[in-house]
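**Q** Provided below for reference: sequence and predicted model.
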2 protein chains.
Amino acid sequence: MESLLFKGPWLPGIGIADVGVKGGKIVSVGKVLREEEYQRVIPGEGSALIPGLVNCHGHAAMTLFRGLADDLPLKTWLEKKIWPLEAKLTAQSVYWGSMLAMAEMIRGGTTTFADMYFFEEETARAALETGMRGVLSRGIVAGPGLERALAESRQLARDWQGAEGRITIQLGPHALYTCPPEVLNRVIDLAAELDLAVQIHLAETKGEVDECLALYGKSPAAVLDEAGLFHLPILAAHCVHLSPEDIEIVARRGVGVSHNPASNLKLGSGIAPVPSLLERGVAVGLGTDGAASNNNLDMFTEMRLAALIHKGVHRDPTLIPAHQALEMATVLGAKALSLEEVGAIREGMAADLVLVDLRGPHLAPSPSPEAAIAYAAHASDVTLVMVAGRILLEGGRLTTIDEERVIFEARRCLKKIAG
Amino acid sequence: MESLLFKGPWLPGIGIADVGVKGGKIVSVGKVLREEEYQRVIPGEGSALIPGLVNCHGHAAMTLFRGLADDLPLKTWLEKKIWPLEAKLTAQSVYWGSMLAMAEMIRGGTTTFADMYFFEEETARAALETGMRGVLSRGIVAGPGLERALAESRQLARDWQGAEGRITIQLGPHALYTCPPEVLNRVIDLAAELDLAVQIHLAETKGEVDECLALYGKSPAAVLDEAGLFHLPILAAHCVHLSPEDIEIVARRGVGVSHNPASNLKLGSGIAPVPSLLERGVAVGLGTDGAASNNNLDMFTEMRLAALIHKGVHRDPTLIPAHQALEMATVLGAKALSLEEVGAIREGMAADLVLVDLRGPHLAPSPSPEAAIAYAAHASDVTLVMVAGRILLEGGRLTTIDEERVIFEARRCLKKIAG
């Protein structure tokens, strides 16, 4: 594997400095490093070098359903559109949908993505091929498919855990309303046995919380906590409708949160209490959710939304400043997913790095790279993407994905599914 | 001027069709047009051809201040940052700031922009040079500069009204809190004399409304109405804090509104009652406001925000569907600015047209171009921009702007201003 030197980009929290990469790791971060110690020098002047973006929550293969079901009430969206489509999914369609998602994510500077879906081994295979870092879970719901979902989760961990140092398998109980406590107990046992962390949807809608209060007399966060789930390393996606007590629980138990602003807005779910969570020290990352409810997998869009909407809703322009939005998209996201070697540019960390060109007219003449990245940069300003030292995008081209074929195959899969 | 045929793009509300352009106008919109009647054929397959985007509210030269003052309370932002910077503006800096704004706007598919600022003749000159359509006003505030502002407004209209059929001059009383009724009367007289429409800021912050209630015993909208301002063709920017009675007034008087979601969120102003305004038939366009409070001039971002935030805040995913967000960015914006010949693709309209490539992986395999444009497209998907039949962007290059020089000069101006 090539050794590389990024010469003189701007680094978040550091300023202009060189970054050296060897053996897939960041080996040196310094003001000026010696060019002759590296096989290749990549000029960084006029660019920001940021940690690869971490997409904390999604369903990659749902790119297939992008634009198929927009602007509908949640119930109609799920029952009339998404579920009937998902019933027709095949391993092949999940593979091509995942490949399409990764083409988009890499182009937008995402190096790590979390995923919860069916045929998850296909998403793992796609991640292995594309070079991305994946944190993958097979979705688990109660009902006739439960045993199969648990068995497939176990198999997924056996086959894929730690593959190439880039694949992390987690367990994916879908949500409390689809996984009552007796199912959560099975998940907890399996997590302990296989030493796995967990991803779950939590308090996405008001209706979900109201139903939970009626059924259990307490909030979903309280039920999950009492079930013991929060003793595991865990990421809770959405967390839109948390009470102050719920926020306390989440903070006390060290639950990671994926804030998914575009999806929460588009489905009319609401706006998560992110400033309160951050204030309590919760690791709040950012996620796109699936493309059917977004409709993109663009972490720059999520950063901008996270930096904007809380200011507007709370009428406080000091909330979630630019640097914090960038932290959510990187180091906090990594923490929320229990990943230790990514999310920051530091010696010893994996070389998951993204070069963002700051010279476009839409960023000029700005003297603040953080603000440029959080408020104005586009996915198209990403000029180089590296995961574990391997370049996945450069010169406008994906190095590991035949994009035309992926789009062609995704269209063919969609045709089979949606007719 | 070249005659041109767009062959087979998707058109909003129409579907796949050819569009013929001659003499700067759209001369034909049909299923299949004859290629031999045009000098040039532009292939449209895989692209959407949309009306040029209309940026209803902004201060172009404020691109100079992009990223200089972020995440601050409004009062600090204005008093400590923006006003001291603006005090040092020169004609030259407004010219280069405006040129920079136009480089960004054209790249993002904006063909028409509204503007209110100082040295507005420099912005007019820049618009003339870049080929954009401008709706320009010299900002007017009460105080020692009032007579000069009125005289410059008059001069601006005399020198620039109707220039090349692309420049429209309006009057720009800044806001009620800076232009009390006696000043508004002067504006009304001048508007009647010169036959000009008006742009004004209205109800941007809760504080502005509270102060007005304390001073006049009624809302800003009610005071403006009683002053007679709403009998003129007028665009009111922001309209964040309108009461139901205010909405009635705005609707009854046919006031156009510029919804500026990014700026309203970023400054912590709040979220405008856009669904109610649209329901009452108000022409609500979209605006970026200045780059100092956004921080971009990207109408795709504004469309996405408009389509997302109201769904989230009202917990109703059916609000502002994709096609309506696109209408706000085009035909409704044109109406709000009292422009009759732009905003739609129809025979006889000015050929202000934008080609958006829908073939990127981030839009695939979507069968809904409207959703692609409103929710997932980037400024970088714009492949061709035309104003009045003249191509301003093609093949990734601006045809009327020396981008490198503009960025260089903008940096030099900023250095003089901000040190």
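**A** Received the coordinates, thanks. Bear in mind the structure is a predicted one, so any value in this text is a computation, not a measurement.
**Q** what comes into contact with the one helix or strand in chain A whose mean pLDDT sits lowest?
**A** Counting by mean pLDDT, DSSP states H and E, chain A has its least confident helix or strand at helix A:74-76, which shows a mean of 83. With contacts defined as C-beta atoms under 8 Å, 6 or more residues apart in numbering or on different chains, helix A:74-76 is touched by A:205, A:267-269, B:317. The way it works is simple: take the backbone N, C-alpha and C, and place the C-beta from them, glycine included.
**Q** residues of the stretch 1-150 of chain A that sit close to chain B?
**A** The stretch 1-150 of chain A comes close to chain B at residues A:63-64, A:66-68, A:70-74, A:77, A:100, A:103-104, A:107-108, as judged by C-beta under 8 Å from any C-beta of the partner chain.
**Q** find the pair from those with maximum spatial separation.
**A** By the measure C-beta to C-beta, A:73 and A:107 form the most distant pair in those, at 32.0 Å.
**Q** those two - which one has more neighbours?
**A** residue A:107 (24 against 14; other C-beta atoms under 10 Å in any protein chain shown).
**Q** verify the contact between the more buried one and residue A:383 for me.
**A** No - Residue A:107 lies out of contact with residue A:383 (C-beta atoms under 8 Å); the separation is 10.6 Å.
**Q** any shared contact partners between these two?
**A** By C-beta under 8 Å, 6+ apart, residue A:107 and residue A:383 have these common neighbours: residue A:393.
**Q** who's the spatially most central residue of chain A bridged to?
**A** By C-alpha atoms, centre = their mean, the mean C-alpha position of chain A lies nearest to residue A:55, the distance being 1.8 Å. Note on residue A:55: beta-bridge partners residue A:113, residue A:286, judged by DSSP bridges.
**Q** what's the strand or helix carrying residue A:98 packed up against?
**A** Counting by DSSP states H and E, the element that carries residue A:98 is helix A:91-107. Contacting helix A:91-107 under the criterion 3 or more C-beta pairs under 8 Å, 6 or more residues apart in numbering or on different chains; DSSP states H and E are the following elements: strand A:110-117, helix A:120-130, strand A:382-387, strand A:390-394, strand A:397-398, helix A:403-418.
**Q** angle of the longest one against helix A:120-130?
**A** Put simply, helix A:403-418 runs at 170 degrees to helix A:120-130, going by axes from the mean of the first three to the mean of the last three C-alpha atoms, to 10 degrees.
**Q** hmm, who's touching helix A:403-418?
**A** Here helix A:403-418 has contacts from A:63-65, A:68, A:85, A:88-90, A:92-93, A:96-97, A:99-100, A:103, B:359, B:361, B:364-365, B:367, using C-beta under 8 Å, 6+ apart.
**Q** alpha carbons only: can I get it in PDB?
**A** What follows is helix A:403-418, C-alpha atoms only, in PDB (Å, rounded to 0.1, in the frame of the first residue of the first chain):
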ATOM      1  CA  GLU A 403     -20.700   3.600 -12.000                       C
ATOM      2  CA  GLU A 404     -22.500   3.200 -15.300                       C
ATOM      3  CA  ARG A 405     -23.000  -0.500 -14.700                       C
ATOM      4  CA  VAL A 406     -24.200   0.100 -11.200                       C
ATOM      5  CA  ILE A 407     -26.900   2.600 -12.300                       C
ATOM      6  CA  PHE A 408     -27.900   0.300 -15.200                       C
ATOM      7  CA  GLU A 409     -28.300  -2.700 -12.800                       C
ATOM      8  CA  ALA A 410     -30.100  -0.600 -10.200                       C
ATOM      9  CA  ARG A 411     -32.600   0.500 -12.800                       C
ATOM     10  CA  ARG A 412     -33.000  -3.200 -13.900                       C
ATOM     11  CA  CYS A 413     -33.600  -4.200 -10.300                       C
ATOM     12  CA  LEU A 414     -36.100  -1.400  -9.800                       C
ATOM     13  CA  LYS A 415     -38.000  -2.500 -12.900                       C
ATOM     14  CA  LYS A 416     -38.300  -6.000 -11.600                       C
ATOM     15  CA  ILE A 417     -39.500  -4.700  -8.200                       C
ATOM     16  CA  ALA A 418     -41.800  -1.800  -9.100                       C
END
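**Q** tell me the mean pLDDT over it?
**A** Average pLDDT, helix A:403-418: 95.
**Q** residues of it that come out buried?
**A** Buried residues in helix A:403-418, defined by neighbour count with 16 or more other C-beta atoms under 10 Å in any protein chain shown: A:403, A:406-407, A:409-411, A:413-414, A:417-418.
**Q** report the inter-axis angle for that helix versus helix A:91-107.
**A** Per the same axes, to 10 degrees, the angle that helix A:403-418 makes with helix A:91-107 is 140 degrees.
**Q** and the closest residue to chain B within the stretch 1-150 of chain A, what does it touch?
**A** Nearest residue of the stretch 1-150 of chain A to chain B: residue A:67, at 3.3 Å (C-beta to the nearest C-beta). Each residue near residue A:67 by C-beta under 8 Å, 6+ apart is listed here: A:295, B:363, B:366-368, B:371-372, B:375-376.
**Q** you'd agree it is in a helix?
**A** No - with DSSP: H, G, I helix; E, B strand; the rest coil as the criterion, residue A:67 is coil rather than part of a helix.
**Q** and it, how far from residue A:192?
**A** For residue A:67, the distance to residue A:192 equals 41 Å [C-beta to C-beta, to the nearest Å].
**Q** how is chain A partitioned into domains?
**A** When chain A is parsed with automatic domain parsing, its domains come out as A:4-51+A:351-398, A:53-336.
**Q** could you say which of those is packed most deeply?
**A** domain A:53-336 (a mean of 22; mean count of other C-beta atoms under 10 Å in any protein chain shown).
**Q** tell me, how many residues neighbour residue A:340?
**A** By the criterion of other C-beta under 10 Å, residue A:340 has 10 neighbours.
**Q** does it lie in a helix or a strand, and which?
**A** Assessed by DSSP H and E, residue A:340 sits outside every helix and strand.
**Q** that one: what's it in contact with?
**A** Residue A:340 neighbours (C-beta under 8 Å, 6+ apart): residue A:334.
**Q** what separation do you get for it and residue A:346?
**A** For residue A:340 relative to residue A:346 (C-beta to C-beta), the value is 11 Å.
**Q** cool, residue A:11 as well?
**A** Applying C-beta to C-beta to residue A:11 and residue A:346 gives a distance of 10 Å.
**Q** need the overlap of contacts for the two.
**A** With C-beta under 8 Å, 6+ apart, residue A:11 and residue A:346 have common neighbours residue A:29.
**Q** in what helix or strand does the closest residue to residue A:317 other than its chain neighbours lie?
**A** Of all residues not flanking residue A:317 in the chain, residue B:268 sits nearest, at 3.7 Å (C-beta to C-beta, 6 or more residues apart in numbering or on different chains). Using DSSP H and E, residue B:268 falls within no helix or strand.
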